[in-house]
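# Sequence and predicted structure, then a few things I'm wondering about:
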Amino acid sequence: MGKIKALLVGGPHAVRDEDRIQHTDSLTDSIKYSCYGGYEHFRHAGEFVSVDGDRTAVFEWTARTAIAE
């Protein structure tokens, strides 16, 4: 598990609220969230917020891709 706390914002409503907090090792890599036969992609745009008292990187939704067969 990564050390950087990330908040996923935007994207489809299918991204569950309880999955909006993720952890990552890098602010430069995208986060891929598996959802209904595809991936929702989120990237950090430089913003940080406080979530439960922790400094949390905001990752914004950028695109959806299909899972390769």
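Happy to help now that I have it.
# my guess is Tyr39 meets Lys32, correct?
Yes - Tyr39 lies in contact with Lys32 (C-beta atoms under 8 Å); the separation is 4.4 Å. Just so you know, the C-beta spots here come from the backbone N, C-alpha and C atoms, and that holds for glycine as well.
# The two: who's more crowded?
Shown here are Tyr39 and Lys32; by other C-beta atoms under 10 Å, Tyr39 has more neighbours (17 against 14).
# Tell me the helices and strands packed up against the helix or strand harbouring that one.
Element membership for Tyr39, per DSSP states H and E: strand 38-51. Where contact means 3 or more C-beta pairs under 8 Å, 6 or more residues apart in numbering; DSSP states H and E, strand 38-51 is packed against strand 4-9, strand 31-35, strand 54-66.
# The longest one to strand 31-35, inter-axis angle?
Comparing the axes of strand 54-66 and strand 31-35 via axes from the mean of the first three to the mean of the last three C-alpha atoms, to 10 degrees yields an angle of 60 degrees.
# how many neighbours does the nearest residue to Ala63 once chain neighbours are set aside have?
Computed as C-beta to C-beta, 6 or more residues apart in numbering, the closest residue to Ala63 that is not its neighbour in sequence is His41, at 4.8 Å. Per other C-beta under 10 Å, the neighbour tally for His41 reads 17.
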